[in-house]
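S.K.: Here is my input; please provide its structure:
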Amino acid sequence: MIVELLAYLKQNLADHFVIYFIPFYILGGRPAAVLSAQLLGFKLSFIVVVVVLLDTLQIPLFYHLFSALGNSALLRRFRFKSARHKEALQRSKLLRWLQLTGVPGVVLVSMLPLKGCGMLSGVLLARLLMLSKPLGYLLLVLGSLLGCLLLLGVGEAILELWLRLGA
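M.R.: Numbers count the residues shown, from 1 in each chain. Coordinates of the predicted model:
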């Protein structure tokens, strides 16, 4: 069943994949875009360049979003009310772990192909760690590149397994 579905997609979708690539990327994230393009036989260099470019285009958007939210009146009111909860936040194990991960944590969070990880979480972590924007960009792009390479390795393993089972 899966083999027939992949064959159908390869025959009908490969010619128009550029049209579908962006929606795959938006709806399914980096894993859906990379693995679908790889399974349809696109060159690895094409996949890496396009996905890293799409990830990189998100970074200024998320920096602007967090900056706008940080300056909003609603958030200022929230900060004032949450001042008494600051001690509880400082004792938070998650916040302590995020602070300890530091620079490698930004790369790791932006690299992992899991829900809750990616560019949005990476930018948020970079801002929480108060990293400079140039350093943040560098770490986020590095995380995107490493994430693509990780997914390409997974895709190669899937293709190899598919060939071995099919043969």
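S.K.: Flag every buried residue along stretch 109-118.
M.R.: In terms of neighbour count (16 or more other CB atoms under 10 Å), stretch 109-118 has its buried residues at 109-113, 117-118. C-beta: built from backbone N, CA, C; applies to glycine.
S.K.: Kindly report the same for stretch 113-133.
M.R.: Buried positions in stretch 113-133, judged by neighbour count with 16+ other CB under 10 Å: 113, 117-127, 129, 131.
S.K.: From residue 27, how far off is the residue nearest to the spatial centre of the chain?
M.R.: The centroid of the chain falls nearest to residue 118 when counting by CA atoms, centre = their mean (2.7 Å). Residue 118 is 13 Å from residue 27, where distance means CB to CB, to the nearest Å.
S.K.: Likewise for residue 166?
M.R.: Between residue 166 and residue 27 the computed distance is 28 Å (CB to CB).
S.K.: Next: residue 130.
M.R.: Residue 130 sits 33 Å away from residue 27, going by CB to CB.
S.K.: Residue 143 too?
M.R.: Counting by CB to CB, the gap from residue 143 to residue 27 is 21 Å.
S.K.: So between those two, which is more surrounded?
M.R.: More crowded of residue 143 and residue 27, by other CB atoms under 10 Å: residue 143, with 25 against 9.
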